[in-house]
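Novice: any chance you can model this:
(chains A, B, C and D)
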There are 2 protein chains.
Amino acid sequence: MSEAPALAVSTVIFTLRPDSTGCMKLALALVKRIRKPFQGQWALPGGPLGVNEDLSDAASRNLFETTGLQPRYLEQLYAFGSLDRSPGSNIKDRVVSIVYWALVGSDEAAEAIESENVSWFWADELDKLAFDHNLIVDYALWRLRNKLEYSRLAHGFLGERFTLAQLREVYEAVLGRELDPGNFRRMVEANGAVVATGERLEGTRHRPPQLYRYDSSIDLTDQGPLRNSTNKQEKKK
Amino acid sequence: MSEAPALAVSTVIFTLRPDSTGCMKLALALVKRIRKPFQGQWALPGGPLGVNEDLSDAASRNLFETTGLQPRYLEQLYAFGSLDRSPGSNIKDRVVSIVYWALVGSDEAAEAIESENVSWFWADELDKLAFDHNLIVDYALWRLRNKLEYSRLAHGFLGERFTLAQLREVYEAVLGRELDPGNFRRMVEANGAVVATGERLEGTRHRPPQLYRYDSSIDLTDQGPLRNSTNKQEKKK
DNA sequence: GCAAAAGTGTTTGGGTTACACCCATGC
DNA sequence: GCATGGGTGTAACCCAAACACTTTTGC
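Specialist: Next up, the predicted model:
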């Protein structure tokens, strides 16, 4: 009997970080490979699936092991399993990767583990990564940008309370273009997922903006019939 | 070292079939289980992944082994791997299933294999299936309905040439509601994926409708950066 | 007062929905 | 002619983009 391909779980970890000018930009966490195929190159964090472990738990776990953080949002991206994922490797070393993508709060990301072998990279200026990981990141980016427009994903980057300007900044960073503040406000108010707290953010050098929070009774995104069954996306700490 | 969970590939195979009144309805192919867990119950066709086989090839293969047909459209749905997929089974028998969904032409489906152990079922009146397969089918249905609206998926059910009424019938069967013929025509013409052949379908007992075909230069659906890389969805026979 | 961002109002145009109506064919 | 679906026209409506304008704070 021929041996089955090995199974691994990897995670694309997104966050927002301020660049040198203080402007928020989309970043993702990568680890440097210390072993043979693609040694020394950067790759997505990942590893084997535990025998007693759900797929999403494995993704969560390797997110934690890499950054020391918990995901604010976690969703399965795709299973990659083509034969040429690791050119030059023996067919016996074939790996099928089930990839998740995750959002991490930009406040928390600032305190994340960083080292010689774990680092954040700007999403729009990646070099060549190990394996087919460039393709995977491209796909994750595409999904993130698509979903942002018809869901409440932006919450994954923000704290409990935020101003509409901060929320807009998230949208602008992810979509890569500027948005009209007035229309953005109406768009957000119309969808109803955000509610005013009545509080204001003081200390700016202009009119103090109102603080909002998300309506927690609404899911971050519509996963259809999948919600609480196979993937538990809301993990209580 | 603990043993890794096994990997399987399954496929949700959709087609359209006329019901007793001649009206097209959405159907899917199931197989009867002949082995121990859930023996005698209906389940999605599937099986282990070959060592030298791409994921989509495995899905294609088990579609062919089940029905004798080739898919008109094939897309990865989701990887299901939660621990409680097979209640009562030993943890050592744990299986992670990478599920694909496929469309099969309704003309071809009429000639598909049917037997004691392989049969078509109406998508909207399924009994309890084996494992978590009801959830999987629900999710596949949700994806199909969602994608139909912003892509050219309906082509997967039709032959090379078709009338707009036939195309509309596909939409109505999948979406489960009636559509205005006039607006449907404009919607289809506006998106530009369909072109008139100039031919007409004669023999109806009313004004002969024009035959259309799809513009083959446009993909059936937008898969983002994934198109021709990990999943080869267009298989040459 | 001035700068800067918060927040509101208004116009416009594109696209969808509903529905009326004419057209071409078989019987 | 008449029934039937093919195919066209059109008015109403909704929604999103563009942009002008008012408000409220710090300095």
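
Novice: with adjacent residues omitted, what lies nearest to A:Asp19?
Specialist: A:Lys25 (4.9 Å; C-beta to C-beta, 6 or more residues apart in numbering or on different chains). Heads up, the C-betas are built off the backbone N, CA and C, glycines and all.

Novice: and what of A:Trp120?
Specialist: Here the nearest residue to A:Trp120 in space, its sequence neighbours aside, is A:Ala27; by C-beta to C-beta, 6+ apart that works out to 4.5 Å.

Novice: ok, now A:Gly46?
Specialist: Counting by C-beta to C-beta, 6+ apart, the nearest residue to A:Gly46 once its immediate chain neighbours are dropped is A:Ser10, at 3.0 Å.

Novice: got it, and A:Phe64?
Specialist: Of all residues apart from its sequence neighbours, A:Gln70 sits closest to A:Phe64 (C-beta to C-beta, 6+ apart), at 6.7 Å.

Novice: what about the one you found, how many neighbours?
Specialist: A:Gln70 is surrounded by 16 other residues when neighbours are defined as other C-beta atoms under 10 Å in any protein chain shown.

Novice: check the offset of stretch A:114-124 from the chain's centre.
Specialist: From the chain centre to the centre of stretch A:114-124 is a distance of 14 Å (C-alpha atoms, centre = their mean, to the nearest Å).

Novice: show me how chain A divides into domains.
Specialist: Per automatic domain parsing, the domain ranges recorded for chain A read A:6-149, A:153-214.

Novice: of those domains, which approaches B:Glu111 most closely?
Specialist: Distances from B:Glu111 to each of the domains of chain A were compared by C-beta to C-beta, and the smallest falls on domain A:6-149, at 31.2 Å.

Novice: quick one: is that closest one near DNA strand C?
Specialist: No: Domain A:6-149 is not in contact with DNA strand C by C-beta under 7 Å from any atom of the strand; minimum separation 11.2 Å.

Novice: mind listing what's buried in the top strand by length along chain A?
Specialist: With residue count as the measure and DSSP state E as the assignment, chain A has strand A:6-18 as its longest strand. Residues of strand A:6-18 classed as buried: A:7-16 (neighbour count, 16 or more other C-beta atoms under 10 Å in any protein chain shown).

Novice: can you list the residues you listed in a markdown table and add pLDDT and distance to DNA strand D?
Specialist: Putting those into a markdown table (pLDDT from 0 to 100; distance: C-beta to the nearest atom of the strand, whole Å) gives the following:
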| residue | pLDDT | distance to DNA strand D |
| --- | --- | --- |
| A:Leu7 | 96 | 41 |
| A:Ala8 | 97 | 40 |
| A:Val9 | 98 | 36 |
| A:Ser10 | 98 | 34 |
| A:Thr11 | 98 | 32 |
| A:Val12 | 98 | 27 |
| A:Ile13 | 98 | 29 |
| A:Phe14 | 98 | 23 |
| A:Thr15 | 97 | 26 |
| A:Leu16 | 95 | 22 |
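
Novice: of those, closest to A:Asn62?
Specialist: Checking those one by one against A:Asn62 (C-beta to C-beta), the nearest turns out to be A:Thr11, at 5.8 Å.

Novice: from A:Thr221, how far off is the closest one?
Specialist: 17 Å (C-beta to C-beta, to the nearest Å).

Novice: got it, and A:Gly159?
Specialist: 19 Å.

Novice: can you find the helix or strand in chain A with the smallest mean pLDDT?
Specialist: Taking mean pLDDT, DSSP states H and E as the measure, chain A has strand A:194-200 as its least confident helix or strand, at a mean of 90.

Novice: show me what counts as buried in that strand.
Specialist: Taking 16+ other C-beta under 10 Å as the basis for neighbour counts, the residues of strand A:194-200 that come out buried are A:Val194.

Novice: run through who's touching that strand.
Specialist: Residues from elsewhere that reach strand A:194-200 (C-beta atoms under 8 Å, 6 or more residues apart in numbering or on different chains): A:161, A:167, A:188, A:208-215.

Novice: before we move on, what about stretch A:203-217?
Specialist: Applying C-beta under 8 Å, 6+ apart, the set of residues contacting stretch A:203-217 from outside is A:152, A:155, A:160-165, A:167, A:192-202.
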